[in-house]
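Asks: Quick one: sequence plus predicted model below, questions after.
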Amino acid sequence: MILLESGTGPPPFRTVRPLVLASSSPRRRELLTLMGLTFDVIVSGIEESTGRVFGPPVELAARCAREKAEAVAELFPDSWVLGADTVVALGATVFGKPADSAEALRMLAQLSGATHEVISAFCLVNRSRRMIETRSVTTTVRFKRLSPAEIRSYVNTGEPLDKAGAYGIQGMGAFLAASIEGSYTNVVGLPLSEVLDLLVECGVVAPVAEERS
Ligand SMILES: Cc1cn([C@H]2C[C@H](O)[C@@H](COP(=O)(O)OP(=O)(O)OP(=O)(O)O)O2)c(=O)[nH]c1=O
(Lines give C-alpha, C1' and ligand atoms only; values in the text may rest on other atoms or scores of the structure.)
Protein backbone atom coordinates (compact mmCIF):
# COMPACT_ATOMS: atom_id res chain seq x y z
CA MET A 1 0.00 0.00 0.00
CA ILE A 2 1.10 3.51 -0.77
CA LEU A 3 0.36 6.46 1.49
CA LEU A 4 -2.96 7.75 0.23
CA GLU A 5 -3.91 11.29 1.05
CA SER A 6 -7.16 12.52 -0.43
CA GLY A 7 -8.27 16.11 -0.72
CA THR A 8 -11.75 17.57 -0.60
CA GLY A 9 -11.98 18.18 -4.36
CA PRO A 10 -11.54 16.01 -7.46
CA PRO A 11 -8.15 14.47 -8.25
CA PRO A 12 -5.84 16.58 -10.45
CA PHE A 13 -5.94 14.67 -13.77
CA ARG A 14 -8.37 12.77 -15.98
CA THR A 15 -7.94 10.33 -18.84
CA VAL A 16 -9.15 11.68 -22.18
CA ARG A 17 -8.06 8.88 -24.55
CA PRO A 18 -8.21 5.10 -24.09
CA LEU A 19 -5.38 4.08 -21.78
CA VAL A 20 -4.19 0.59 -20.90
CA LEU A 21 -1.74 -0.19 -18.12
CA ALA A 22 0.31 -3.24 -19.12
CA SER A 23 1.23 -4.21 -15.57
CA SER A 24 0.39 -6.59 -12.76
CA SER A 25 1.87 -4.21 -10.19
CA PRO A 26 -0.71 -2.99 -7.65
CA ARG A 27 1.61 -0.03 -6.92
CA ARG A 28 1.57 1.23 -10.51
CA ARG A 29 -2.21 0.91 -10.61
CA GLU A 30 -2.58 2.71 -7.30
CA LEU A 31 -0.30 5.61 -8.26
CA LEU A 32 -2.18 6.31 -11.52
CA THR A 33 -5.55 5.96 -9.80
CA LEU A 34 -4.45 8.39 -7.09
CA MET A 35 -3.93 11.00 -9.83
CA GLY A 36 -7.49 10.46 -11.07
CA LEU A 37 -6.69 8.41 -14.17
CA THR A 38 -8.97 5.68 -15.46
CA PHE A 39 -7.54 2.81 -17.49
CA ASP A 40 -7.80 -0.89 -18.26
CA VAL A 41 -5.23 -3.24 -16.80
CA ILE A 42 -3.86 -6.01 -19.01
CA VAL A 43 -0.93 -8.09 -17.82
CA SER A 44 1.66 -8.64 -20.55
CA GLY A 45 3.06 -11.95 -19.33
CA ILE A 46 6.55 -10.69 -20.18
CA GLU A 47 9.09 -11.70 -17.54
CA GLU A 48 11.37 -9.09 -16.04
CA SER A 49 14.68 -8.29 -17.66
CA THR A 50 17.13 -9.37 -14.98
CA GLY A 51 18.56 -12.85 -15.28
CA ARG A 52 17.88 -12.88 -19.02
CA VAL A 53 20.23 -10.37 -20.52
CA PHE A 54 23.32 -8.51 -19.48
CA GLY A 55 23.89 -4.85 -20.07
CA PRO A 56 23.57 -1.44 -18.46
CA PRO A 57 20.61 -1.40 -16.03
CA VAL A 58 18.93 1.51 -17.79
CA GLU A 59 18.94 -0.46 -21.05
CA LEU A 60 17.66 -3.60 -19.35
CA ALA A 61 14.77 -1.76 -17.75
CA ALA A 62 13.99 0.17 -20.95
CA ARG A 63 13.95 -2.97 -23.08
CA CYS A 64 11.69 -4.76 -20.63
CA ALA A 65 9.27 -1.82 -20.28
CA ARG A 66 9.05 -1.67 -24.07
CA GLU A 67 8.45 -5.40 -24.44
CA LYS A 68 5.63 -5.27 -21.87
CA ALA A 69 3.96 -2.31 -23.59
CA GLU A 70 4.39 -3.72 -27.10
CA ALA A 71 2.97 -7.13 -26.18
CA VAL A 72 -0.26 -5.55 -24.90
CA ALA A 73 -0.37 -2.92 -27.67
CA GLU A 74 -0.64 -5.75 -30.21
CA LEU A 75 -4.00 -6.62 -28.67
CA PHE A 76 -5.15 -2.99 -28.36
CA PRO A 77 -3.74 -1.18 -31.42
CA ASP A 78 -5.91 1.92 -30.99
CA SER A 79 -5.23 2.39 -27.28
CA TRP A 80 -2.36 4.08 -25.50
CA VAL A 81 -0.50 1.34 -23.69
CA LEU A 82 1.86 2.01 -20.79
CA GLY A 83 4.43 -0.55 -19.63
CA ALA A 84 7.12 -0.18 -16.96
CA ASP A 85 10.02 -2.02 -15.40
CA THR A 86 11.96 -1.37 -12.20
CA VAL A 87 15.43 -2.66 -11.33
CA VAL A 88 17.87 -2.03 -8.50
CA ALA A 89 21.53 -1.52 -9.43
CA LEU A 90 24.32 -1.91 -6.91
CA GLY A 91 27.37 -0.97 -8.96
CA ALA A 92 27.40 -3.42 -11.86
CA THR A 93 25.06 -5.86 -10.12
CA VAL A 94 21.41 -5.66 -11.12
CA PHE A 95 18.70 -6.97 -8.82
CA GLY A 96 15.21 -7.78 -9.98
CA LYS A 97 12.66 -9.51 -7.78
CA PRO A 98 14.13 -12.20 -5.51
CA ALA A 99 13.19 -15.77 -6.43
CA ASP A 100 12.72 -16.73 -2.77
CA SER A 101 13.48 -15.70 0.82
CA ALA A 102 17.07 -16.93 0.60
CA GLU A 103 17.73 -14.63 -2.36
CA ALA A 104 15.97 -11.76 -0.59
CA LEU A 105 18.29 -12.23 2.40
CA ARG A 106 21.33 -12.14 0.10
CA MET A 107 20.13 -9.02 -1.74
CA LEU A 108 19.44 -7.10 1.46
CA ALA A 109 22.79 -8.12 2.95
CA GLN A 110 24.49 -6.63 -0.11
CA LEU A 111 22.40 -3.46 0.00
CA SER A 112 23.07 -2.96 3.75
CA GLY A 113 25.15 0.15 4.46
CA ALA A 114 25.52 0.85 0.73
CA THR A 115 24.16 3.28 -1.84
CA HIS A 116 22.29 1.89 -4.84
CA GLU A 117 20.24 3.16 -7.75
CA VAL A 118 16.64 2.35 -8.51
CA ILE A 119 15.84 2.63 -12.19
CA SER A 120 12.30 2.61 -13.51
CA ALA A 121 11.77 2.70 -17.25
CA PHE A 122 8.37 3.31 -18.80
CA CYS A 123 7.16 2.99 -22.35
CA LEU A 124 4.04 4.40 -24.03
CA VAL A 125 2.90 2.75 -27.26
CA ASN A 126 0.11 3.51 -29.70
CA ARG A 127 0.36 1.04 -32.55
CA SER A 128 -2.12 2.57 -34.95
CA ARG A 129 -0.32 5.92 -34.66
CA ARG A 130 3.10 4.21 -34.90
CA MET A 131 4.08 5.96 -31.74
CA ILE A 132 6.49 4.54 -29.18
CA GLU A 133 8.32 6.48 -26.49
CA THR A 134 10.54 5.03 -23.78
CA ARG A 135 11.99 7.03 -20.89
CA SER A 136 13.68 6.20 -17.62
CA VAL A 137 14.31 7.79 -14.24
CA THR A 138 17.03 7.00 -11.70
CA THR A 139 16.77 7.49 -7.93
CA THR A 140 19.68 7.07 -5.51
CA VAL A 141 18.90 5.30 -2.24
CA ARG A 142 21.26 4.84 0.70
CA PHE A 143 20.51 2.00 3.10
CA LYS A 144 21.47 2.13 6.73
CA ARG A 145 23.71 -0.64 8.01
CA LEU A 146 21.41 -3.55 8.84
CA SER A 147 21.98 -6.25 11.43
CA PRO A 148 21.38 -9.87 10.35
CA ALA A 149 18.41 -9.93 12.74
CA GLU A 150 16.89 -6.84 11.08
CA ILE A 151 17.31 -8.39 7.63
CA ARG A 152 15.79 -11.70 8.71
CA SER A 153 12.91 -9.98 10.50
CA TYR A 154 12.12 -7.92 7.40
CA VAL A 155 12.32 -10.87 5.01
CA ASN A 156 9.98 -12.83 7.31
CA THR A 157 7.28 -10.18 6.73
CA GLY A 158 7.00 -11.50 3.15
CA GLU A 159 7.05 -7.95 1.80
CA PRO A 160 10.30 -8.29 -0.21
CA LEU A 161 9.24 -11.15 -2.46
CA ASP A 162 7.45 -9.30 -5.26
CA LYS A 163 9.74 -6.27 -5.28
CA ALA A 164 12.95 -5.38 -7.11
CA GLY A 165 15.91 -5.37 -4.73
CA ALA A 166 13.80 -7.26 -2.16
CA TYR A 167 12.29 -4.21 -0.47
CA GLY A 168 9.35 -1.84 -0.58
CA ILE A 169 10.21 1.69 0.48
CA GLN A 170 6.47 2.45 0.67
CA GLY A 171 5.92 -0.31 3.23
CA MET A 172 7.74 -1.71 6.22
CA GLY A 173 10.90 -1.39 4.15
CA ALA A 174 10.75 2.35 4.86
CA PHE A 175 13.05 1.74 7.84
CA LEU A 176 15.83 0.50 5.54
CA ALA A 177 16.41 3.75 3.67
CA ALA A 178 18.59 6.33 5.41
CA SER A 179 18.33 8.74 2.49
CA ILE A 180 16.82 9.05 -0.97
CA GLU A 181 17.82 11.41 -3.75
CA GLY A 182 15.42 11.83 -6.65
CA SER A 183 11.90 10.66 -7.38
CA TYR A 184 10.18 8.71 -4.58
CA THR A 185 7.46 7.27 -6.82
CA ASN A 186 10.20 6.04 -9.15
CA VAL A 187 11.39 3.74 -6.35
CA VAL A 188 7.84 2.51 -5.87
CA GLY A 189 7.73 1.50 -9.54
CA LEU A 190 6.44 4.42 -11.60
CA PRO A 191 7.93 7.94 -11.70
CA LEU A 192 4.65 9.83 -11.59
CA SER A 193 5.91 13.26 -12.51
CA GLU A 194 7.69 12.05 -15.65
CA VAL A 195 4.92 9.60 -16.63
CA LEU A 196 2.30 12.34 -16.38
CA ASP A 197 4.49 14.65 -18.49
CA LEU A 198 4.51 12.07 -21.28
CA LEU A 199 0.79 11.29 -20.99
CA VAL A 200 -0.06 15.00 -21.12
CA GLU A 201 2.34 15.60 -24.05
CA CYS A 202 0.57 12.82 -25.98
CA GLY A 203 -2.88 14.16 -25.10
CA VAL A 204 -3.83 10.99 -23.24
CA VAL A 205 -4.54 12.74 -19.94
CA ALA A 206 -5.25 16.33 -19.00
CA PRO A 207 -5.43 18.37 -15.81
CA VAL A 208 -9.04 18.58 -14.65
CA ALA A 209 -9.11 22.37 -14.39
CA GLU A 210 -9.70 24.19 -17.69
CA GLU A 211 -6.71 26.01 -19.17
CA ARG A 212 -7.10 29.81 -18.79
CA SER A 213 -5.69 32.01 -21.52
C1 LIG B 1 12.58 -0.89 -4.92
C2 LIG B 1 11.08 -1.11 -4.91
C3 LIG B 1 10.43 -1.85 -5.88
N4 LIG B 1 9.09 -2.05 -5.85
C5 LIG B 1 8.38 -2.83 -6.88
C6 LIG B 1 7.92 -2.04 -8.09
C7 LIG B 1 7.62 -3.11 -9.10
O8 LIG B 1 6.26 -3.50 -8.96
C9 LIG B 1 8.53 -4.26 -8.67
C10 LIG B 1 9.58 -4.55 -9.71
O11 LIG B 1 9.10 -5.49 -10.61
P12 LIG B 1 8.70 -5.18 -12.12
O13 LIG B 1 9.11 -6.38 -12.92
O14 LIG B 1 9.21 -3.84 -12.54
O15 LIG B 1 7.12 -5.06 -12.08
P16 LIG B 1 6.04 -6.13 -11.62
O17 LIG B 1 6.50 -7.53 -11.92
O18 LIG B 1 5.64 -5.83 -10.21
O19 LIG B 1 4.81 -5.76 -12.53
P20 LIG B 1 4.70 -5.81 -14.15
O21 LIG B 1 5.96 -6.42 -14.70
O22 LIG B 1 3.50 -6.65 -14.44
O23 LIG B 1 4.52 -4.37 -14.55
O24 LIG B 1 9.17 -3.85 -7.45
C25 LIG B 1 8.33 -1.48 -4.83
O26 LIG B 1 7.09 -1.66 -4.79
N27 LIG B 1 8.94 -0.72 -3.87
C28 LIG B 1 10.29 -0.50 -3.84
O29 LIG B 1 10.79 0.19 -2.93
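Replies: Received it, and whenever you're ready, just let me know what you need. Numbering: from 1, shown residues only.

Asks: Would you point out which residue is most central in this protein?
Replies: Gly189 (1.7 Å; Cα atoms, centre = their mean).

Asks: Quick one, grab the pLDDT at that one.
Replies: Predicted confidence (pLDDT) for Gly189: 97.

Asks: Then Val53?
Replies: With respect to pLDDT, Val53 scores 52.

Asks: what does Val141 give?
Replies: With respect to pLDDT, Val141 scores 98.

Asks: Neighbours of it, how many?
Replies: Per other Cβ atoms under 10 Å, the neighbour tally for Val141 reads 23. Placement of C-beta: from N, CA and C, glycine included.

Asks: Tell me how far it lies from Tyr167.
Replies: Val141 sits at a distance of 9 Å from Tyr167 (criterion: Cβ to Cβ, to the nearest Å).

Asks: swap in Leu198?
Replies: Leu198 sits at a distance of 27 Å from Tyr167 (criterion: Cβ to Cβ).

Asks: Tell me which of these two has more neighbours.
Replies: With neighbours defined as other Cβ under 10 Å, Leu198 and Tyr167 compare such that Tyr167 has more, 29 against 18.

Asks: What segments of the chain are helices?
Replies: Under the criterion DSSP state H, the chain carries helices at the ranges 26-34, 57-73, 101-111, 148-156, 184-188, 192-201.

Asks: now the ones you listed as TSV including distance to the ligand?
Replies: Converted to TSV, the helices of the chain look like this (distance: least, Cβ to the nearest ligand atom, whole Å):
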stretch	distance to the ligand
helix 26-34	5
helix 57-73	6
helix 101-111	10
helix 148-156	12
helix 184-188	5
helix 192-201	13
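
Asks: Present these as JSON lines; the columns should include distance to Leu19.
Replies: Shown next, in JSON lines, are these (distance: least, Cβ to Cβ, whole Å):
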{"stretch": "helix 26-34", "distance to Leu19": "8"}
{"stretch": "helix 57-73", "distance to Leu19": "11"}
{"stretch": "helix 101-111", "distance to Leu19": "33"}
{"stretch": "helix 148-156", "distance to Leu19": "35"}
{"stretch": "helix 184-188", "distance to Leu19": "18"}
{"stretch": "helix 192-201", "distance to Leu19": "8"}
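
Asks: Mind listing residues that contact stretch 138-153?
Replies: Residues outside stretch 138-153 that contact it (Cβ atoms under 8 Å, 6 or more residues apart in numbering) are 58, 105, 108-109, 111-119, 154, 169, 176-184, 186-187.

Asks: Equivalent analysis for stretch 186-199, please.
Replies: Here stretch 186-199 has contacts from 2, 13, 19, 25, 27-28, 31-32, 35, 37, 80, 82, 84, 86, 118, 120, 122, 124, 133, 135, 137-139, 141, 168-170, 180, 183, 185, 205, using Cβ under 8 Å, 6+ apart.

Asks: Can you flag the buried ones in the residues you listed?
Replies: Buried subset of the contacts of stretch 186-199 (neighbour count, 16 or more other Cβ atoms under 10 Å): 2, 13, 19, 25, 27-28, 31-32, 35, 37, 80, 82, 84, 86, 118, 120, 122, 124, 135, 137-139, 141, 168-170, 183, 185, 205.
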